[in-house]
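Visitor: Pasting a predicted model and its sequence here:
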Amino acid sequence: MKRIATVQDISCVGRCSLTVALPIISAMGVETAVLPTAVLSTHTAFNDFTFRDLTRDIPDILAHWRREGFLFDAIYSGYLGSLQQILLVQELFDSLTAEGAVRFTDPAMADDGELYKGFAADFPKHMASLCAHADVIVPNLTELCLLSGMPYREDYGQDDLRAMLVKLAERGTKYVCLTGASDAPDNLGALCYDREKDSFYSCYNERLPVRYHGTGDIFASTTVGGLMNGLSVQEALKLAVDYTLECLRDTMADPLKRWYGVNFEARIGWLTEELAKRRPAL
Ligand code: PXL
């Protein structure tokens with residue numbers, strides 16, 4: 001069985017980061033070790049949340065893991081709270097990865113043209129240096145603009161977006177995948193640049209007239225789970241696009257839906273069945 005380590009916060013309520021990554025990746029048949037970076041009472045879109053920074057615990061955890069000789073088939077980093085945590089993920093990339101491991105970074109720091117609450121203005125610069133060492137990154141449009149030093153605009157054309165993806169790949173990332181991409185009013189999905197093949201591919205499905213919090217973490221976690229099951233980056237992105245849409249459909253139909261996250265739990269059965277159909281035979 002493949003084993004990954006995911007590094008992100010625990011938002012106790014809010015369906016994001018570890019409370020999404022752990023169930024999804026585990027359901028996909030992958031051992032999921034967790035390295036919590038902070039404990040928050042909720043994610044940061046709520047008011048008055050508590051925040052306990054765990055940065056000081058991480059060096060001892062990593063030292064113990066090294067003594068035990070643990071190596072991971074992927075390191076998946078999500079929401080990180082400080083420059084120091086970025087450097088610790090870099091350490092995981094360098095010293096706790098098995099042969100052929102995937103270094104996966106979701107530069108979760110911004111949306112809708114704004115950094116999330118609590119991030120300093122120079123945080124994207126540091127996140128950009130972590131991304132340069134990752135094999136796969138999955139920024140949304142705001143994060144892509146911040147990482148590539150471009151102003152945020154919602155109306156970038158395909159050529160401009162592709163130039164930004166190439167610019168990031170030139171710094172070292174093998175696969176730069178824009179999430180929430182679209183090439184027609186009725187579709188939504190991902191646009192990816194593959195540096196080694198010097199080619200682009202896109203995976204789209206239906207665009208629904210809704211937006212919910214937390215879909216980025218569902219998308220990234222499913223992509224990691226897909227890669228660990230032997231899917232190519234393109235296939236893993238397609239599975240992530242399709243599963244995210246399933247979750248959105250379920251949420252839209254739920255009279256008890258909550259504003260802060262989507263019903264990914266209700267469609268985990270769909271995900272595992274679909275994975276079994278799409279996974280390469282062993
Ligand atoms: O979904 C990304 C995310 C993760 N963790 C925390 C967040 C957010 C987005 O707002 O606030 C704490």
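Guide: On my side now, so go ahead.
Visitor: tell me which residues in stretch 103-110 are buried?
Guide: By 16 or more other Cβ atoms under 10 Å, the buried positions in stretch 103-110 come out as 103-110. C-betas here are computed from N, CA, C, even on glycine.
Visitor: Going along the chain from the longest helix along the chain, find the next helix or strand for me.
Guide: Identified as the longest helix of the chain according to DSSP state H is helix 233-252. Counting by DSSP states H and E, the element after helix 233-252 in chain order, helix or strand, is helix 268-278.
Visitor: which parts of that following helix are buried?
Guide: 268, 271, 274-275, 278.
Visitor: Contact residues of the stretch 101-250 of the chain facing the ligand?
Guide: Counting by Cβ under 6 Å from any ligand atom, the stretch 101-250 of the chain comes close to the ligand at 108, 116, 214, 216-217.
Visitor: what's the offset of the helix or strand in which residue 88 is found from the middle of its chain?
Guide: Using DSSP H and E, residue 88 sits in helix 83-95. Chain-centre distance of helix 83-95: 16 Å, with Cα atoms, centre = their mean, to the nearest Å.
Visitor: what's it packed up against?
Guide: strand 3-13, helix 58-68, strand 72-77, helix 123-133 (3 or more Cβ pairs under 8 Å, 6 or more residues apart in numbering; DSSP states H and E).
Visitor: Go again with 6 Å.
Guide: strand 72-77, helix 123-133 (3 or more Cβ pairs under 6 Å, 6 or more residues apart in numbering; DSSP states H and E).
Visitor: deepest of the ones you listed, which one?
Guide: Sort these by mean neighbour count, taking mean count of other Cβ atoms under 10 Å, and strand 72-77 sits at the top with a mean of 26.
Visitor: Need the contact partners of that one.
Guide: 2-7, 89, 92-93, 96, 98, 101-105, 224 (Cβ atoms under 6 Å, 6 or more residues apart in numbering).
Visitor: So residue 134 sits against residue 106, correct?
Guide: No. Using Cβ atoms under 6 Å, residue 134 is not in contact with residue 106; the gap is 9.4 Å.
Visitor: Show me the residues of the stretch 101-250 of the chain next to the ligand that map onto helices.
Guide: Short answer: those in helices (DSSP H) are 216-217.
Visitor: most neighbours, which of the residues of the stretch 101-250 of the chain next to the ligand?
Guide: residue 217 (28 neighbours; other Cβ atoms under 10 Å).
Visitor: just to revisit the earlier point, the helix holding residue 88 versus strand 3-13: what angle between them?
Guide: Per axes from the mean of the first three to the mean of the last three Cα atoms, to 10 degrees, the angle that helix 83-95 makes with strand 3-13 is 160 degrees.
Visitor: The next helix or strand after helix 83-95 - contacts with which helices or strands?
Guide: Where DSSP H and E defines the elements, the next helix or strand beyond helix 83-95 is strand 97-105. Helices and strands touching strand 97-105, as assessed by 3+ Cβ pairs under 6 Å, 6+ apart, comprise strand 72-77.
Visitor: Sheet partners, orientation included, of the strand it packs on?
Guide: Strand 72-77 has the following strand partners under DSSP bridges: strand 3-13 (parallel), strand 97-105 (parallel).
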